[in-house]
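Trainee: With the input below, show me the fold.
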Amino acid sequence: AMMKGISVTEFGAPDVMKVADIAKPEPKEGEVLIKVYAAGINPVETYKRAGTYAKHLLPALPFTPGADGAGIVETIGAGVSTVSA
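Mentor: Below you'll find the model as predicted:
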């Protein structure tokens, strides 16, 4: 399945962030999938997007920024027992 998300395919200025159809992830063991209603780009993610963060910590391209967010649990992976979908 696909979903809308921000895709960064090259490091650079803010205009390298593009809305794209990306693969909807499946939660692995111990993970949950959150349906995000609000997301933000934090300062560290702006450095990663620009390619100016510590080189050994830069994400592989393409990547989707937005680790700060709010939403609801949509799906749970195996072994998750403290939340429910």
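Trainee: From Leu33, how far out is Met3?
Mentor: 10 Å (C-beta to C-beta, to the nearest Å). Heads up, the C-betas are built off the backbone N, CA and C, glycines and all.
Trainee: tell me, what's touching these two both at once?
Mentor: Taking C-beta atoms under 8 Å, 6 or more residues apart in numbering as the contact criterion, the common neighbours of Met3 and Leu33 are Lys24.
Trainee: Poorly predicted segments of the chain, please.
Mentor: Applying pLDDT under 70 to the chain picks out no residues at all.
Trainee: mind listing the helices for it?
Mentor: In the chain, the segments counted as helices under DSSP state H are 43-50.
Trainee: Strands along that one, start to end?
Mentor: For the chain, applying DSSP state E gives strands covering 2-8, 17-23, 32-40, 68-76.
Trainee: Show me what the second one is in contact with.
Mentor: Residues outside strand 17-23 that contact it (C-beta under 8 Å, 6+ apart) are Ala1, Met2, Met3, Lys4, Gly5, Ile6, Ser7, Val8, Thr9, Arg49, Thr64, Pro65.
Trainee: could you give the angle of that strand to helix 43-50?
Mentor: Put simply, strand 17-23 runs at 90 degrees to helix 43-50, going by axes from the mean of the first three to the mean of the last three C-alpha atoms, to 10 degrees.
Trainee: Going forward, count from 366.
Mentor: Let's use 366 as the start, then, which means that last one is strand 382-388.
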